[in-house]
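A.B. asks: missing the sequence, but the structure's below:
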DNA sequence: TCAGGCAGTTTAACACCGTTAACTGAGCTA
DNA sequence: TAGCTCAGTTAACGGTGTTAAACTGCCTGA
């Protein structure tokens, strides 16, 4: 009984240990130097063990990507409960997006195939991204009840500004301070949210 | 004499052949499957020959990146000669940016480290990017003579919207048609250019 | 004619990669 | 005790970037 209970738990621990290790290495050395063998070494197993938890490196990366979008979705839902005003909601969600990218750059990289992170699964086909998308589209709809097409365009605009500024801010870090980029980001996202009224 | 003249020319041909082959493979199979040996096979040489033209895969990618920015700079200069109105200039430059990304996705990928393309050289430290940046900043300045800081912010905004929409349009291709994305892009860039007046 | 040198090119090797098959050894059951 | 199961290992395959050593063929000087 003890063994039966400890086994699955330890298995789950190993699994999340693999994910955590992959992210740790990526954070320290970049995704291009994350390898199955390095992960295995870190969790004190041999390489083939990793394949008992993930069919390939690709699905391991996809899992991390999904984790990222899931995390964002939870944050967005939290904000939706916290605020009623759609403008406030959209602005706060934008800020969460920014903070997430800065705090977990290695996740943001694999979510968008940036800087050596490469996952072949198409981003937009995952449930988690669809959920995040429609969550934000609903917020936009709630104070601009337009056609589905118009909402999709506004969402595309919002996403583009947010993602574009985040990636360029990271790229230009060192040439333009993060604080300065963040100020422009805040201003732009506030302006966008206000413009919807 | 003939030999002395033909030798350097053939060397230059080999060099550009390497670059062309790398881009061809990247276009067909993605950057993650571009390898020195594949390139060497295609140009009918053995792998070490490639290293007589490029010190490493990294500088080969950087060369391609620089070529991309150089190409953009020439296009921007062409437009600057073609139009006087800063608003028109900025809009046309935005459109060139879009067309370039669609026509040469493999270059756009290596310029911004997207989708498996990974070059360790920092983008913003190259002369070519600096040149492109200040070219656009000058256009913005020419009808909004504000402080250097303000111009930099506006340029950061412009670049973010453009780059964000281009990358998301490519990512969402299949879920949202390119034509639809392009329409939103055109509208947004036009609105941005107009807003500067 | 032969030896030497030199440029261009290839082979072979190193250490790494993702991935899979075959093997090991310990614990449990019949 | 013999056999089975199963977690975990080693070893291998074909690939990667990169480098050193070896080779090939030609031109030159003796």
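C.D. replies: Structure received. Given the structure is predicted, the values throughout are model-derived calculations rather than measurements.
A.B. asks: around DNA strand D, which positions in chain A sit nearby?
C.D. replies: Proximity of chain A to DNA strand D (Cβ under 7 Å from any atom of the strand) is limited to residues A:44-49. (C-beta placed from N, C-alpha, C; glycine too.)
A.B. asks: rerun that using 6 Å as the cut-off
C.D. replies: A:45-49 (Cβ under 6 Å from any atom of the strand).
A.B. asks: for the longest helix along chain A, packing partners?
C.D. replies: The longest helix of chain A (DSSP state H) is helix A:2-29. Applying 3 or more Cβ pairs under 8 Å, 6 or more residues apart in numbering or on different chains; DSSP states H and E, one finds that helix A:2-29 makes contact with helix A:36-42, helix A:57-82, helix A:105-111.
A.B. asks: please identify the most buried of those helices.
C.D. replies: Greatest average neighbour count among the helices and strands packed on helix A:2-29 goes to helix A:105-111 (a mean of 23), per mean count of other Cβ atoms under 10 Å in any protein chain shown.
A.B. asks: quick one: low-confidence residue ranges for chain A.
C.D. replies: Under the criterion of pLDDT under 70, the regions of chain A flagged as low confidence span A:1-9.
A.B. asks: in it, what residue is nearest chain B?
C.D. replies: Per Cβ to the nearest Cβ, residue A:164 is where chain A lies closest to chain B, at 2.2 Å.
A.B. asks: how about that residue, nearest residue that isn't a chain neighbour?
C.D. replies: residue B:164 (2.2 Å; Cβ to Cβ, 6 or more residues apart in numbering or on different chains).
A.B. asks: kindly report the same for residue A:155.
C.D. replies: Among residues not flanking residue A:155 along the chain, residue A:137 sits closest, at 4.9 Å (Cβ to Cβ, 6+ apart).
A.B. asks: circling back: and the residue nearest to residue A:164, what element?
C.D. replies: helix B:148-172 (DSSP states H and E).
A.B. asks: and that helix, what does it pack against?
C.D. replies: helix A:148-172, helix A:178-195, helix B:86-103, helix B:127-143, helix B:178-195.
A.B. asks: that one: which residues count as buried?
C.D. replies: B:151-172 (16 or more other Cβ atoms under 10 Å in any protein chain shown).
A.B. asks: hmm, back to that, show me which of the residues of chain A next to DNA strand D are buried.
C.D. replies: By 16+ other Cβ under 10 Å, the residues of chain A next to DNA strand D give residue A:45 as buried.
A.B. asks: relative to residue B:111, which of the residues of chain A next to DNA strand D is nearest.
C.D. replies: residue A:47 (34.4 Å; Cβ to Cβ).
A.B. asks: residue contacts, the closest one?
C.D. replies: A:36-37, A:40 (Cβ atoms under 8 Å, 6 or more residues apart in numbering or on different chains).
A.B. asks: state the distance from the closest residue in space to it that isn't next to it in sequence to residue A:118.
C.D. replies: Nearest residue to residue A:47, sequence neighbours excluded (Cβ to Cβ, 6+ apart): residue A:40, at 4.4 Å. Noted for residue A:40: a distance of 20 Å to residue A:118, by Cβ to Cβ, to the nearest Å.
A.B. asks: kindly report the domain assignment for chain A.
C.D. replies: With automatic domain parsing as the criterion, the domains of chain A are listed as A:1-54, A:58-195.
A.B. asks: let me have those domains in CSV, extended by distance to residue B:26.
C.D. replies: Formatted as CSV, the domains of chain A follow (distance: least, Cβ to Cβ, whole Å):
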stretch, distance to residue B:26
domain A:1-54, 16
domain A:58-195, 13
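A.B. asks: roughly how far does the closest residue to residue A:175 other than its chain neighbours sit from residue B:69?
C.D. replies: Closest residue in space to residue A:175, ignoring its immediate chain neighbours: residue B:124 at 4.7 Å, by Cβ to Cβ, 6+ apart. Distance of residue B:124 to residue B:69, computed by Cβ to Cβ: 11 Å.
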